[in-house]
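J.: This is the structure alone, sequence omitted:
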């Protein structure tokens, strides 16, 4: 009987291992997390033998793991940087860059804030630039009519792609920011802080505002005398919420993509991203752009169309992704 049991286990063990080996690991941006988590949940309903885990370590933290071969997919709220491209290249990690949604970085304040009804990019720079750490401490430092209360700031941590994008647009240099603020790679932490503190101000991805609008107030951007623009789907698509709108991405390890269950997940992601992006509070891409993304997977088009320079806006993403020639980036 013991011999039969051992024999049965011996033949079953490889099958058991095979069933348990269907894992997909994602990490990176907390902004993109909401889309990827929604996709993972829906995928799990049709592929019950595949376990998908989605972490939040920030875009930069995710790329560290991704280029080390520790995860299959990185969620990114900005394009891959040159130094990250070099890190992936040094480890032999090839990747496919896939846009999945649009975002609009939203300036948020506490629901009880009655004095801030709009904000300019100049205001934002005055708040967040490094030298303001010494000069802008109270709300009244920005406007004498505003409360003489401490300005409590909440924003993205340094490993966040949102931090890189926001500082480049607002301050003028990526990574340049005052340091005396409450930072986190998790947008939920920022939301909770602003919702708790009456005299606070922060910035998060649009979906985090949409899902918490009952306890937050969003501040429209004053771009000119005639332009007061809210962060929403319509204004992102028509280009009026400029400067603080951006695409969101996933990066897929080409080696991982050779596994059928990972390929199935990516196909499922791109098919369902339009609906799920809308549901979680982001903005779907054009049908053409999702089609181009699928073709990049089918043709294994490796590299980044941004060549490590970051997203600047201006050129249509459809034009950037139209080429199906591998980028051969370092």
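T.: Good, I have the coordinates. On a predicted model such as this, the values are computed, not experimentally measured, just so you know.
J.: going forward, measure contacts between C-alpha atoms and count neighbours the same way
T.: OK.
J.: domains of this structure?
T.: 2-102+246-320, 106-237 (automatic domain parsing).
J.: could the ones you listed go into TSV alongside mean pLDDT?
T.: Putting the domains of the chain into TSV (pLDDT from 0 to 100) gives the following:
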stretch	mean pLDDT
domain 2-102+246-320	90
domain 106-237	96
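J.: Those into JSON lines, with extra columns for mean neighbour count?
T.: JSON lines is the format used below for these (neighbours: other CA atoms under 10 Å):
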{"stretch": "domain 2-102+246-320", "mean neighbour count": "19"}
{"stretch": "domain 106-237", "mean neighbour count": "19"}
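J.: can you give me the strands for the stretch 201-330 of the chain?
T.: Ranges of strands in the stretch 201-330 of the chain, per DSSP state E, counting those that start in this stretch, are 216-219, 221-224, 227-229, 245-253.
J.: could those strands go into JSON lines alongside distance to residue 168?
T.: Formatted as JSON lines, the strands of the stretch 201-330 of the chain follow (distance: least, CA to CA, whole Å):
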{"stretch": "strand 216-219", "distance to residue 168": "20"}
{"stretch": "strand 221-224", "distance to residue 168": "17"}
{"stretch": "strand 227-229", "distance to residue 168": "20"}
{"stretch": "strand 245-253", "distance to residue 168": "13"}
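J.: Among those strands, which comes closest to residue 161?
T.: Comparison of these against residue 161 by CA to CA identifies strand 245-253 as nearest, at 9.8 Å.
J.: Can you spell out which helices and strands pack onto that closest one?
T.: Contact analysis of strand 245-253 by 3 or more CA pairs under 8 Å, 6 or more residues apart in numbering; DSSP states H and E lists strand 73-76, strand 95-104 as its packing neighbours.
J.: Could you dump those into TSV with distance to residue 84 added?
T.: Shown next, in TSV, are the helices and strands packed on strand 245-253 (distance: least, CA to CA, whole Å):
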stretch	distance to residue 84
strand 73-76	12
strand 95-104	12
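J.: Tell me which of these approaches residue 126 most closely.
T.: When these are compared by CA to CA, strand 95-104 sits nearest residue 126, at 20.6 Å.
J.: any idea which element residue 183 lies in?
T.: Per DSSP states H and E, residue 183 falls inside strand 182-184.
J.: what residue lies at the spatial centre of the protein?
T.: residue 77 (3.0 Å; CA atoms, centre = their mean).
J.: Please report how far that residue lies from residue 200.
T.: 24 Å (CA to CA, to the nearest Å).
J.: Now do the same contact list for residue 236.
T.: Residue 236 makes contact with 102, 103, 104, 242, 245, according to CA atoms under 8 Å, 6 or more residues apart in numbering.
J.: For the first one, give me its contacts.
T.: Neighbouring residues of residue 102 by CA under 8 Å, 6+ apart: 236, 245, 246, 247, 248, 282, 283, 284, 285.
J.: likewise the second one?
T.: Residues counted as contacts of residue 103 (CA under 8 Å, 6+ apart) are 205, 206, 207, 236, 245, 246, 247, 248, 282, 283.
J.: and what of the last one?
T.: Contacts for residue 245 were tallied using CA under 8 Å, 6+ apart; they are 102, 103, 104, 105, 236.
J.: Pull up the gap between it and residue 64, please.
T.: Computed as CA to CA, the residue 245 to residue 64 distance reads 25 Å.
J.: ok, now the third one?
T.: As defined by CA to CA, residue 104 lies at a distance of 25 Å from residue 64.
J.: on that earlier part again, now render the contacts of residue 102 as CSV, adding distance to residue 37.
T.: Shown next, in CSV, are these (distance: CA to CA, whole Å):
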residue, distance to residue 37
236, 23
245, 22
246, 20
247, 18
248, 14
282, 13
283, 16
284, 16
285, 18
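J.: what about the helices in the stretch 51-200 of the chain?
T.: Per DSSP state H, counting those that start in this stretch, the stretch 51-200 of the chain carries helices over the ranges 58-67, 82-90, 121-128, 132-135, 161-170, 187-196.
J.: Mind putting these into JSON lines with distance to residue 293?
T.: Shown next, in JSON lines, are the helices of the stretch 51-200 of the chain (distance: least, CA to CA, whole Å):
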{"stretch": "helix 58-67", "distance to residue 293": "20"}
{"stretch": "helix 82-90", "distance to residue 293": "20"}
{"stretch": "helix 121-128", "distance to residue 293": "33"}
{"stretch": "helix 132-135", "distance to residue 293": "42"}
{"stretch": "helix 161-170", "distance to residue 293": "21"}
{"stretch": "helix 187-196", "distance to residue 293": "27"}
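J.: To residue 222, which of those lies closest?
T.: Taking CA to CA, helix 121-128 is the member of the helices of the stretch 51-200 of the chain nearest to residue 222, at 7.7 Å.
J.: what residues are up against the residue lying closest to residue 81 once chain neighbours are set aside?
T.: Spatially, and ignoring its direct neighbours in sequence, residue 81 is nearest to residue 308 (4.4 Å; CA to CA, 6 or more residues apart in numbering). Residue 308 sits next to 79, 80, 81, 82, 83, 85 when contact means CA under 8 Å, 6+ apart.
J.: Brilliant, that's me finished.
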